[in-house]
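Asker: Build me a structure from this.
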Amino acid sequence: MTVTPTTRPKKRASSAKTGNSSLAKVRNLGIMAHIDAGKTTVTERVLFITGRTHRVGEVHDGEATMDYLEEERARGITITSAATTCEWKDHVIHLIDTPGHVDFTVEVERSLRVLDGAVGVFCGVAGVEAQSETVWRQADRYGVPRIAFVNKMDRVGADFDRVVDSIRTRLGAHPVPLQVPIGREKEFQGVIDLIDRRAYVWKEDAKDVEILEIPEEYREIAETAREAMLESVAEFDDMVLEAFVEGEEPKVEHIRCAIRKGVLSRGIIPVLCGSALKDKGIQNLLDAIVDYLPSPADLPEIEGSDPKDPEKRVRLTHDEDQPLAALAFKTISDKNGDLTFVRVYSGVMEQGQTVLNPRTGKRERLGRLLKMHANRREPVKKAGAGDILAIMGLKQSITGDTLCDPKHPVALESMDFPETVIAMSIEPKSTKDRDRLADTLGRLTREDPTFLAKTDDQTGQILIEGMGELHLEVILNRIQNDFRIPVSMGKPRVAYKQTLRRERDIEARHVKQTGGHGQFAVIKVRFVPKETEEPVEFLEEIKGGVVPQEFIPSVRNGLRASAEAGGRLGFPFVNIEATLYDGQFHEVDSSDMAFQAAAQLAFRKATEGNVQLLEPIMRIEVQVPEEFVGDVIGDLNSRRGQITDLEMSGGNRTIRGKVPIAEMFQYSSTLRGMTQGRGTFMMEPLEYLPVPSAIAEEILEGGKVT
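Answerer: Residues are numbered from 1 along each chain as shown. Here you go, the predicted structure:
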């Protein structure tokens, strides 16, 4: 028989929760994947099938609803995360489509911080790829429950079982297939649902589906797969476990309950499959989203700290009757005022309401509240627990800030972002544009926590830093095209760091007499290099008051300021333990300024002829046809690369390893030339390691800084 299991709603999804849409029927989720796995296409189909849009925007045509920036449409990739809202089976779904390129991983990071669940999209041919691992680790860090969707099952080389196996081996997850594909590659025509033991076969346009008995040739495969599924989910539900042990048939509703419990505990990853471009499998995916991913009501209590006493914990429940607690996770510069995206965890937020920002200690008045559909805005008067929305007009709040009820202050856990690995100089072509450029860079750094802009104290140059060449290229295009500021760019440079080669014990004396009060400070500091990658750690072992307590923070601040300034090269110092253990002071001439100056002198002495340069090492994954493997490996070896793994993946060879970013500028052009345009690669920051002595000497002696 032919049926339409779910019809598209005639009315567009409401912009706010309605009375029959309780917190238990809200889903806050993100779509995450490696670049080109098809997550934006999945999102576009979800919006179309749920009735949120009335035509499908294709990524390859530059018309995707969620890729609304000109840069995104021109490049055919997602650069910034975009939020929207739709409805499915009386559930409200707040959906965020995230980028897949590692240069824009901050968008995934801050989205996952505020989402309750996620759909990991995997290419049916390539399986788990480099950025798949990165976003998976980010989701692990924030404890986000997930389901998986294997896309592009109709492509040549697609292999569902291989993708499931790569999720298990490369991600360390416990994938549990809920479906078995019917047909392979271009013959892919449907799926067998292992829960209800039915075959779903799509018609040519995939808008209708034929529900059949399991085809005879798939019966044994399906039963074996179902047995494995039940074995995996039985531990999460006593009813299923009892039936499984006794050889009885568990009820379908008990199986679904067990799967949901397994997802919420992050014990399993249900796996579905389809072809988003052909609309195949999206309805099943939507059903899985509402059946298995958590609502805000399923989440544990919100935990924060008291701004006046960070050791004191504050706990709130996901309830509109609780005091307001919301987290700002994204800022967009807008000519009419910044848009600040927030997730409301508890309480109610209303237009015109006064809220407290615990970081600044200041109050702000909420401007217009907006529900976002990509770049389109729908005004709302209020929003409650579980909502994701944008606020116009906040002037003091940035990414990671908490907005709360002034009578019940709470600071929610913020976010950590990766450090920049590449820099370049930038100057306006016209002197009159210098102030405009400074203002624009300030707006861009507010938007993107992984983009930095600063002025070099020695050269006066403006330096911008980011996560990769593509990241800075997009920033520069926005400066020139969106903000209309012509600029000149320098060559990309590596964001090196510095540390000490060996331990040093330093006595620093800052003694000046200039008439009247002089300046007097003497300190003894022990500097020890450390293995861990972290800023300078300051310790004090002062006894007998030889350095008064009020001046110890001055020493700490002077040391840290020197470390951040980076000396002659300007690269910050890290991995150093500095211990203040002795000193002298003068009752009249000692001051905060004198001890800061002594600390700066001590740091300068400790680093003279004692610098170890550190360079960012990137994890790299290259996919190339078999015939080019030798050339690509040879080229990577010449770039000081280390190959760690080589495997066959979807008809191509996948080369994995690590390589210094200093050797990888313009690598995309080189790879295209070596592989006749058929090779692709992905890099992400891995670690900092010492620069080889010959190269370090050239840089430290004032030679090239690549």
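Asker: contact partners of the longest helix seen in the chain?
Answerer: Taking DSSP state H as the criterion, the chain has its longest helix at helix 216-233. Under the contact criterion C-beta atoms under 8 Å, 6 or more residues apart in numbering, helix 216-233 has outside partners 174, 176-178, 180, 182, 192, 194-195, 197, 199, 214, 240, 244, 250, 255, 258-259, 262, 268. No exception for glycine: its C-beta is placed from N, CA and C like everyone else's.
Asker: again, only using 6 Å
Answerer: 176, 180, 192, 194, 214, 244, 258-259, 262, 268 (C-beta atoms under 6 Å, 6 or more residues apart in numbering).
Asker: Now for those: which two are most distant?
Answerer: Ile214 and Gly262 (24.0 Å; C-beta to C-beta).
Asker: Compare the two and say which is more crowded by neighbours.
Answerer: Applying other C-beta atoms under 10 Å to Ile214 and Gly262 shows that Gly262 carries more neighbours, namely 23 against 20.
Asker: Give me the packing partners of the following helix or strand past the longest helix of the chain, helices and strands only.
Answerer: Per DSSP states H and E, the first helix or strand lying C-terminal to helix 216-233 is helix 238-245. Contacts defined by 3 or more C-beta pairs under 6 Å, 6 or more residues apart in numbering; DSSP states H and E place helix 238-245 against helix 252-264.
Asker: 10 Å - rerun?
Answerer: helix 216-233, helix 252-264 (3 or more C-beta pairs under 10 Å, 6 or more residues apart in numbering; DSSP states H and E).
Asker: quick check: angle from that helix to helix 216-233?
Answerer: 120 degrees (axes from the mean of the first three to the mean of the last three C-alpha atoms, to 10 degrees).
Asker: Please identify the deepest-packed of the helices and strands packed on helix 238-245.
Answerer: Highest mean neighbour count among those (mean count of other C-beta atoms under 10 Å): helix 252-264, with a mean of 20.
Asker: now the following helix or strand past it, how far from the centre of its chain.
Answerer: Per DSSP H and E, the first helix or strand lying C-terminal to helix 252-264 is strand 269-273. Its chain's average C-alpha position is 22 Å from that of strand 269-273, according to C-alpha atoms, centre = their mean, to the nearest Å.
Asker: Using CSV, list the CA coordinates for the very next helix or strand once past strand 269-273.
Answerer: Sequence order places helix 282-292 as the next helix or strand after strand 269-273, per DSSP H and E. The C-alpha trace of helix 282-292 is given here as CSV (Å, rounded to 0.1, in the frame of the first residue of the first chain):
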residue,chain,number,x,y,z
ILE,A,282,14.2,13.3,6.3
GLN,A,283,10.7,12.4,7.7
ASN,A,284,12.2,9.5,9.5
LEU,A,285,15.0,11.8,10.8
LEU,A,286,12.4,14.3,12.1
ASP,A,287,10.5,11.5,13.9
ALA,A,288,13.8,10.4,15.6
ILE,A,289,14.5,14.0,16.6
VAL,A,290,11.2,14.3,18.5
ASP,A,291,11.3,10.7,19.8
TYR,A,292,14.9,10.5,21.1
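Asker: chain center to the next helix or strand after helix 282-292, what's the gap?
Answerer: For helix 282-292, the succeeding helix or strand toward the C-terminus, using DSSP H and E, is strand 302-306. Centroid displacement of strand 302-306 relative to its chain, using C-alpha atoms, centre = their mean, is 22 Å.
Asker: got a list of contacts for strand 302-306?
Answerer: With contact meaning C-beta atoms under 10 Å, 6 or more residues apart in numbering, strand 302-306 is reached by 296, 310-319, 322, 325, 327, 345-346, 358, 385, 402, 404, 409-413.
Asker: Repeat that for stretch 376-384.
Answerer: Contacts of stretch 376-384 (C-beta under 10 Å, 6+ apart): 14-17, 23, 26, 65, 68, 84-85, 296, 318-321, 324, 326, 339, 342-344, 346-353, 366, 368-372, 387, 389-392.
Asker: which non-adjacent residue is nearest Phe160?
Answerer: Residue nearest to Phe160 in three dimensions, not counting chain neighbours: Pro181, with 5.0 Å by C-beta to C-beta, 6 or more residues apart in numbering.
Asker: Could you check the pLDDT of that neighbour?
Answerer: With respect to pLDDT, Pro181 has a value of 96.
Asker: Report the beta-bridge partners for it.
Answerer: Val191 (DSSP bridges).
Asker: wait, it sits on Asp161?
Answerer: Yes: under the criterion of C-beta atoms under 10 Å, Pro181 makes contact with Asp161 at 9.2 Å.
Asker: what do those two both touch?
Answerer: With C-beta under 10 Å, 6+ apart as the test, Pro181 and Asp161 both reach Val150.
Asker: For those two, indicate the residue with more neighbours.
Answerer: Using other C-beta under 10 Å as the criterion, Pro181 and Asp161 rank with Pro181 on top: 25 against 12.
Asker: Sketch out the low-pLDDT regions of this structure for me.
Answerer: Low-confidence segments of the chain (pLDDT under 70): 1-21, 53-81, 100-103, 205-207, 334-337, 374-375, 457-459, 514-516, 649-651, 702-706.
Asker: Centroid-nearest residue for it?
Answerer: The residue lying closest to the centre of the chain (C-alpha atoms, centre = their mean) is Glu109, at 2.2 Å.
Asker: what residues are up against that residue?
Answerer: 81, 98, 134-135, 138, 141-142, 329, 399, 415-418, 449-450.
Asker: Likewise for Val271?
Answerer: So Val271 contacts 120, 122, 147-150, 160, 163-164, 167, 173, 175-179, 229, 288 (C-beta under 10 Å, 6+ apart).
Asker: In JSON lines, list the helices and strands packed on helix 238-245 along with distance to Glu427.
Answerer: Listed next are the helices and strands packed on helix 238-245 as JSON lines, based on distance: least, C-beta to C-beta, whole Å:
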{"stretch": "helix 216-233", "distance to Glu427": "59"}
{"stretch": "helix 252-264", "distance to Glu427": "52"}
